[in-house]
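Novice: okay, predicted coordinates and the sequence, questions at the end:
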Amino acid sequence: MDQATAAKSKPHLTQLQAKELAQRLYGRVVTDISNLPSYFDQNFLLVDEDGTEFLLKVMNSADSRNPVLLEVQTDAMAFLQQWGLPAQTVLPTAEGQLMSLEEIDCGFGSQTYCVRLMTYLPGTTIARIPASPQLLYHVGKMAATMDKMLQQMASPNLGVLQRDEMMWSLSNTCLLEPYLPVMDGDPLQQVIKAVMEQYKTCVQPKLSSFRKGIIHGDFSDQNIIVKPVDNGGYEVSGILDFALLSINCVVFEVAISIMYMMLENPSPLDVGGAVLAGWESVMPLSQAERDVLYLLMLCRFCQSLVIGRHKASKHPEDSEYYLTTAQSGTRLLKKLWELGKEEVERKWFQDARAYAYKS
């Protein structure tokens, strides 16, 4: 989905409309409701008369036109949950359906939106807590375990995950080019252009040689829920948002995870080795995959910063959410680019070896 389509298709239900949907479709009497952030969709936290919390997710109208894709995303959550990973569970409607296509007028004409009700996973996002090296190791291990399990998922509709035009895919980094004017006047624009040129030279020609598989595609600090444990630390207790699920290069998942785990960490250079070691304890990377990890991480920074800036310009009322990465990501991208591939990789790979030695 391109950005122009996304801007027109994001739902804007009122809380009253959301409460009425919950009552009509699921028989839930909502006593409390609040909005939760989302890039393309609309999320509501509901509390029913029994005090049970739920997530009501209203998909954007563009993705709602592909119910088979949404069905596969729902199946992936159920598959992971069945095998012990903490994904959300989609709850059936009163008629036993896992999703409902609804005609809703959000103020700019009636459109069709896919509605799902999900279990609410308590805890806090990893973005809000100090992530220890041990927790970062387990984030990497969880990401690899999840993707390894997803390769075992069977469905006649897996072909819909071959999402060749998806803006957020790292294989489509060059799709950012039409949006670069949103960075006009910002010195960071030159860094982003330089990263994209290196991507074209050093990564794009090799994409066909990398391992492919089903990946989550957005294993970010906002999509990982953690809870405290007895030793004073935290553990991963929830995996959110399968909207970017796709068949893609497996190494993308590692790069994406490292990038987002850096955002709120006071020692960002310490992140990569811990996440990489956790990942490779389950699914070791080839030398070729390791060789592109640094550039792929920078590409995800570029995607998040450019798309976030563009979305904020179109929807200033939600700019705080869209510019979340920009708060520390702008500084980090500049610093990591200046340090260069050799220095960053030396740190990551030395740290990863140290973790492997300890285990």
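Specialist: In hand now; what should we look at? Numbers count the residues shown, from 1 in each chain.
Novice: residue 224 is in contact with residue 241, correct?
Specialist: No - using C-beta atoms under 8 Å as the test, residue 241 is too far from residue 224 to be in contact (9.9 Å). (Each C-beta comes from the backbone N, C-alpha and C, glycine too.)
Novice: of these two, which one has the most company?
Specialist: residue 224 (27 against 22; other C-beta atoms under 10 Å).
Novice: look up how far residue 143 lies from the residue nearest to residue 242 when sequence neighbours are not counted.
Specialist: Counting by C-beta to C-beta, 6 or more residues apart in numbering, residue 73 is the residue found nearest to residue 242 once chain neighbours are left out, at 4.5 Å. The gap separating residue 73 from residue 143 is 17 Å, by C-beta to C-beta, to the nearest Å.
Novice: all strands for the stretch 151-300 of the chain, in order.
Specialist: For the stretch 151-300 of the chain, the strands defined by DSSP state E, counting those that start in this stretch occupy 212-215, 224-228, 234-239, 246-249.
Novice: just list what the longest one packs against, helices and strands only.
Specialist: So that's strand 234-239. With contacts taken as 3 or more C-beta pairs under 8 Å, 6 or more residues apart in numbering; DSSP states H and E, strand 234-239 sits against helix 133-150, strand 224-228.
Novice: need the CA coordinates for that strand. CSV is fine.
Specialist: These are the backbone C-alpha positions of strand 234-239, laid out as CSV (Å, rounded to 0.1, in the frame of the first residue of the first chain):
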residue,chain,number,x,y,z
TYR,A,234,11.9,-8.4,32.2
GLU,A,235,10.8,-11.1,29.8
VAL,A,236,9.0,-10.9,26.5
SER,A,237,5.3,-11.6,27.1
GLY,A,238,3.6,-10.5,23.9
ILE,A,239,4.2,-10.1,20.2
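Novice: what helix or strand is the residue nearest to residue 242 on?
Specialist: Taking DSSP states H and E as the definition, residue 73 sits inside helix 67-82.
Novice: who's in contact with that helix?
Specialist: 59, 63-64, 87-90, 98-99, 101, 114, 116, 146, 149-150, 153, 155, 157-158, 160-161, 214, 239, 242-243, 245 (C-beta atoms under 8 Å, 6 or more residues apart in numbering).
Novice: and residue 98, helix, strand or coil?
Specialist: Under DSSP: H, G, I helix; E, B strand; the rest coil, the three-state class of residue 98 is coil.
Novice: need the phi and psi values for it.
Specialist: phi -90, psi -10 (degrees, to the nearest 10).
Novice: contacting residues for residue 330?
Specialist: Residue 330 sits next to 188, 305 when contact means C-beta under 8 Å, 6+ apart.
Novice: picking that back up, please tell me how far the residue nearest to residue 242 sits from residue 194.
Specialist: From residue 73 across to residue 194, the span is 35 Å (C-beta to C-beta).
Novice: more neighbours: the two, which one.
Specialist: Using other C-beta under 10 Å as the criterion, residue 73 and residue 194 rank with residue 73 on top: 22 against 13.
Novice: I figured residue 310 hits residue 181, correct?
Specialist: No - contact criterion C-beta under 8 Å: residue 310 and residue 181 do not qualify, at 9.4 Å.
Novice: look at those two and report which has more neighbours.
Specialist: Relative neighbour count places residue 310 above the other of residue 310 and residue 181, with 22 against 11, counting by other C-beta under 10 Å.
Novice: tell me where the protein has helices.
Specialist: With DSSP state H as the criterion, the chain has helices at 3-9, 15-26, 61-64, 67-82, 133-150, 188-202, 251-262, 271-280, 287-314, 319-322, 324-339, 341-358.
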